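**Q** With the sequence up front, the predicted model follows.
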Amino acid sequence: MKKRSTKLYNVFFPVWLLFAHPALIAAALPINFGIDLAVVFLALKHLHATERTPLLKTKVWRTWLFGFAADLVGAVLLFFLSVILGDLVPGTYDLFGHALYLNPFASPLALLIMLAVIALVGWLIYLFNRKFVYRDTALTDKEQKRVCLALAIATAPYLFLLPTAWFII
């Protein structure tokens, strides 16, 4: 039986790429912060919230941190499904594991798993922001839900869908 080897350059982009090249975190952090700031600002503007500036100053940092926490949950889950589960149950590697970390569009099952993980991370972004960031604000319950929903939809890790095969050196 031929033993397959896992190479470190076969990583998910962008979160998995950060594990292999930690220097990219320096670029990812401010970009992610800017996106979170823009989404919260636009959601509050759309809701005609009068206290936008204080909310932005105090809550965007926690929004950003909880967004990374949710992304990390998704990255760990994908790592488990593609690499660890592939080692524990070798048939899963051929069924969807290989496609998960090279090109999720190569397998319908891998694509469904990837979409489910993206949806899970989006739900976690909503939940974390709803329970830990915006619950103690002057926003009404409806406004809190809308801001958190905007964050969940706009900042879900859609880049997980990018085929890693494009970035292999």
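**A** Looks like it came in fine.
**Q** alpha carbons only for contacts and neighbour counts from here, please
**A** Will do.
**Q** How far does the longest helix belonging to the chain sit from its chain's centre?
**A** Longest helix in the chain by number of residues (criterion: DSSP state H): helix 52-79. Relative to the chain's own centre, helix 52-79 is displaced by 9 Å; criterion: CA atoms, centre = their mean, to the nearest Å.
**Q** counting contacts, what elements does that helix pack onto?
**A** Applying 3 or more CA pairs under 8 Å, 6 or more residues apart in numbering; DSSP states H and E, we find helix 52-79 packed against helix 15-20, helix 25-46, helix 108-128.
**Q** would TSV of those helices with mean pLDDT be doable?
**A** Converted to TSV, those look like this (pLDDT from 0 to 100):
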stretch	mean pLDDT
helix 15-20	54
helix 25-46	89
helix 108-128	95
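**Q** about what we covered before: how about the longest helix of the chain: buried residues?
**A** Residues 52, 55-56, 59-60, 63-64, 66-71, 73-75, 78-79 are the ones in helix 52-79 that count as buried (16 or more other CA atoms under 10 Å).
**Q** Out of the helices and strands packed on helix 52-79, flag the one nearest Leu149.
**A** Nearest to Leu149 among the helices and strands packed on helix 52-79 is helix 108-128 (5.8 Å), distances taken as CA to CA.
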